[in-house]
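Novice: Task: produce atomic coordinates for the following.
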Amino acid sequence: MLRVAVAQMQSTDDIDLNIRKSQALHAEAEKGSANMIAYPEYQLYLADYSKRDEALLSGKKIRKILPEFIRSLRIPALINYPEVYGDRIYNTSAFVNNGKIQWKYRKIHLFNAFSRREGDVFAAGRKIQQGGKLNDVRFSTLTCYDLRFPELSRIFAISGGELLFYQAGWFSGENKADQWLTLLKATAIHNGLYVAGAAQTGSMFTGNSVVFDPDGRMIAHEKDAEGVILADVSSDAVKRYRIDTAAISARRDDVYFLGTRRSY
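Specialist: Here you go, the predicted model:
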């Protein structure tokens, strides 16, 4: 059994404020006896897509203070920050534990849609991250717009993955909150996964941080407020669902095959 805390917050371009909020949410997760916490996309810096130079400077500042912030986290965490690498900036999530980064995921699908251009600031990642294991639960993370590309969640599921986080700043708009919740729920049901969405809130974003179990039941949810939601994740529930539905084992690899050069 793994108890996860899913953080919902309203980040800004004020890095110091974002860090203070992150630490307060971390304390809330600890109080709830969580084994780990997942923060939303843009956790440490909310970039303006029209101001790449500002994002670059902020990314360099974060690079200097990131080790200290990571050491302040007493339980394992999925964080998100602008990672400067050479002249590129990546929208990066990292799993941190015991004061160190264990692995990273650079967002593959940038949000160049609905008249927004995330690609004007960030470079696209090119590697699918394997993820990790806590309390015998295999987990990994994807980022926001990745949710619209179901291949990634299916690759994770057929590798034996059990809990998939989506760290998101899901922009608000007509039907956007409904789409966010529906896609997360469908991902859980299609793949027999626990699916957790850690979301930004506020006027720009939909909020609605949530956890669905493999049956598609909403087991934790917060619509608007900043804070954490808690959910218990069981490997046994994933195994039972996949046996009952055969949603993974009954795939027809003799007819179709989901291949990738970089698999989980």
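Novice: Now do Ile75: how many residues are near it, please.
Specialist: 17 (other CB atoms under 10 Å). Yep, even glycine has a C-beta here, placed from its N, CA and C like the rest.
Novice: Numbering from 39 from now on, please.
Specialist: New numbering, starting at 39: the last item is Ile113.
Novice: surely it meets Ala76?
Specialist: No - with contact defined as CB atoms under 8 Å, Ile113 does not reach Ala76; the gap is 11.1 Å.
Novice: residue ranges of the helices in the protein, please?
Specialist: Assigned by DSSP state H, the helices in the chain fall at 53-69, 90-109, 189-196, 214-229, 273-283.
Novice: Could you list the buried residues of the first one?
Specialist: Burial within helix 53-69, assessed by neighbour count using 16 or more other CB atoms under 10 Å, is assigned to Ile53, Asn56, Ile57, Lys59, Ser60, Leu63, His64, Glu66, Ala67.
Novice: what do you get for the longest one?
Specialist: Using 16+ other CB under 10 Å as the test for burial, helix 90-109 gives Ala93, Leu94, Ser96, Gly97, Lys99, Ile100, Leu104, Phe107, Ile108.
Novice: From the contact counts, what lies against it?
Specialist: Helices and strands touching helix 90-109, by 3 or more CB pairs under 8 Å, 6 or more residues apart in numbering; DSSP states H and E, are helix 53-69, strand 115-123, strand 126-135.
Novice: go on, the shortest one?
Specialist: With contacts defined as 3+ CB pairs under 8 Å, 6+ apart, the packing partners of helix 189-196 are strand 175-181, strand 201-206, helix 214-229.
Novice: Give the partner strands of the shortest one in its sheet and their orientations.
Specialist: Strand 201-206 sits in its sheet next to strand 175-181 (parallel), strand 232-237 (parallel), going by DSSP bridges.
Novice: which one of the ones you listed has the most crowded surroundings?
Specialist: When those are scored by mean count of other CB atoms under 10 Å, the highest mean neighbour count falls to strand 232-237 (a mean of 28).
Novice: Mind exporting the C-alpha coordinates of that strand to PDB?
Specialist: Coordinates of each C-alpha in strand 232-237 appear next as PDB, following Å, rounded to 0.1, in the frame of the first residue of the first chain:
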ATOM      1  CA  TYR A 232      -4.300   4.400 -10.600                       C
ATOM      2  CA  VAL A 233      -4.100   7.800 -12.300                       C
ATOM      3  CA  ALA A 234      -3.400  11.000 -10.300                       C
ATOM      4  CA  GLY A 235      -3.700  14.500 -11.600                       C
ATOM      5  CA  ALA A 236      -1.700  17.200  -9.800                       C
ATOM      6  CA  ALA A 237      -3.000  20.600 -11.100                       C
END
